[in-house]
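Q: got a predicted structure here, sequence first:
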Amino acid sequence: MADLDIAVVNWKTPALTIRCVKSYLAFTPNCQVIIIDNGSEDSSVDEFRAVFKENQQVLILPGRTNIGYGPACNLALSVVPNKSKYVVASNSDIVATPNWFEPLRKCLEEEKAGIVGPKLLNFNNKIVAAGVVGENRKPILRGWLADSHLFSTKEDVIMVTGAVMAFKRDIFEKIGKFPEDLEFYYEDNFICYRSRELGYRVIYCPEVPMYHELHGSERRTIVLAEKFRKAKAVFEAKVGYKIS
């Protein structure tokens, strides 16, 4: 039985998703990967079935509509038949690296650990995620495009990026999973803030970096900007204050 369930959300990015899933399978013994398609209406599901049809570690969930990243992760991790101790939510534009999960697993076993996230690099080996510090109302995204050797100390932060998040399944469910009304952006803010409010830690674990093809899952900048604006308004209404 697998001890790690990995939800990978696809929306019209079959090549990225296949690369992502193959990397997880290559570097994660004893895992099961759930590919959930958000109503792509293209060849995605057929391509997944062709590539992974013989692989018992991969479950493919076709969807009729785009329900958003967080809700898709919730659905994928809830319907998997044999539920594992650990769960990971992943963008499709992530590439795993050798031994990526073991440091995250160790962090998850620490006292009051809630959410753990790795250091993320782009393909030029520059940092694109190194934990968020500051305060809830004034989060500070640090390390943007810094050299890969920087920000190499494990520490508690106010949030980690939703591109890759690791949880123990029971803690994920206690926190309340991802908010269903934040479909794209700010779902990571909310679940990290919620975790800390409930007394669970958010931990940045940089020991084994992973790769993130930034905006690989959505390249239309105008669309991204509008989704960001709408999500920010929903998030601020939920928490009752504005963030800067």
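A: Now that the structure is in, tell me what you want to look at.

Q: which other residues reach the longest helix seen in the chain?
A: Assignment by DSSP state H gives helix 221-239 as the longest helix of the chain. By Cβ atoms under 8 Å, 6 or more residues apart in numbering, the surrounding residues in contact with helix 221-239 are 136, 179, 181-187, 189-190, 193, 215, 218, 242-243. Using the backbone N, CA and C atoms, a C-beta is placed for each residue, glycine as well.

Q: next: stretch 180-200.
A: 66-71, 74, 112-115, 132, 136, 139, 158-162, 165, 171, 174-179, 201-202, 218, 227-228, 231-232, 234-235, 238-239, 243.

Q: and with 6 Å instead?
A: 68-71, 112, 114-115, 136, 159, 161-162, 175, 178-179, 202, 227-228, 231, 234-235 (Cβ atoms under 6 Å, 6 or more residues apart in numbering).

Q: what lines up beside whichever strand in the chain runs longest in the sheet?
A: The residue-count maximum for a strand in the chain (DSSP state E) belongs to strand 201-212. Sheet pairing for strand 201-212, assigned by DSSP bridges, gives strand 94-95 (antiparallel), strand 113-121 (parallel), strand 155-156 (antiparallel).

Q: circling back to that earlier point, would you mind listing the buried residues in the longest helix of the chain?
A: Lys227, Ala231, Lys232, Val234, Phe235, Val239 (16 or more other Cβ atoms under 10 Å).

Q: and the residue of the chain most remote from its centre, helix, strand or coil?
A: Distance from the C-alpha centroid of the chain peaks at Glu54, with 25.8 Å (Cα atoms, centre = their mean). Under DSSP: H, G, I helix; E, B strand; the rest coil, Glu54 falls in the coil class.

Q: residues contacting the residue minimising distance to the centre of the chain?
A: Nearest to the geometric centre of the chain sits Val164, at 3.0 Å (Cα atoms, centre = their mean). Neighbouring residues of Val164 by Cβ under 6 Å, 6+ apart: Ser90, Ile94, Pro118.

Q: kindly provide the distance from the second one to Gln56.
A: Between Ile94 and Gln56 the distance, using Cβ to Cβ, to the nearest Å, works out to 22 Å.

Q: ok, the two, which is more surrounded?
A: Higher neighbour count among Ile94 and Gln56: Ile94, with 27 against 8, using other Cβ atoms under 10 Å.

Q: quickly list what the more buried one is bridged to.
A: His212.

Q: distance check, it against Leu145.
A: Taken as Cβ to Cβ, the span from Ile94 to Leu145 is 18 Å.

Q: and Phe228, by the same measure?
A: 19 Å.

Q: over to Pro118?
A: For Pro118, the distance to Leu145 - Cβ to Cβ - is 17 Å.

Q: these two: who's more crowded?
A: Pro118 (30 against 10).

Q: hang on, the more buried one packs against Met210?
A: Yes. Counting by Cβ atoms under 6 Å, Met210 is a contact partner of Pro118 at 5.1 Å.

Q: count of residues packed around Trp144?
A: Trp144, neighbours per other Cβ under 10 Å, totals 10.

Q: same check, this time on Val51
A: For Val51, using other Cβ under 10 Å, the count is 16.

Q: and for Lys174, the neighbour number?
A: Count around Lys174 with other Cβ under 10 Å applied: 15.

Q: ugh, typo on my part, it should be Ala113
A: Ala113 has 22 nearby residues by other Cβ under 10 Å.

Q: any idea what it is bridged to?
A: Bridge pairing for Ala113 - DSSP bridges - gives Arg201.

Q: so which bits of stretch 74-89 are buried?
A: Asn74, Leu75, Ala76, Leu77, Val80, Lys83, Ser84, Tyr86, Val87, Val88, Ala89.

Q: Val58 against Gln32, yeah?
A: No. Between Val58 and Gln32 there is no contact under Cβ under 6 Å: 7.4 Å.
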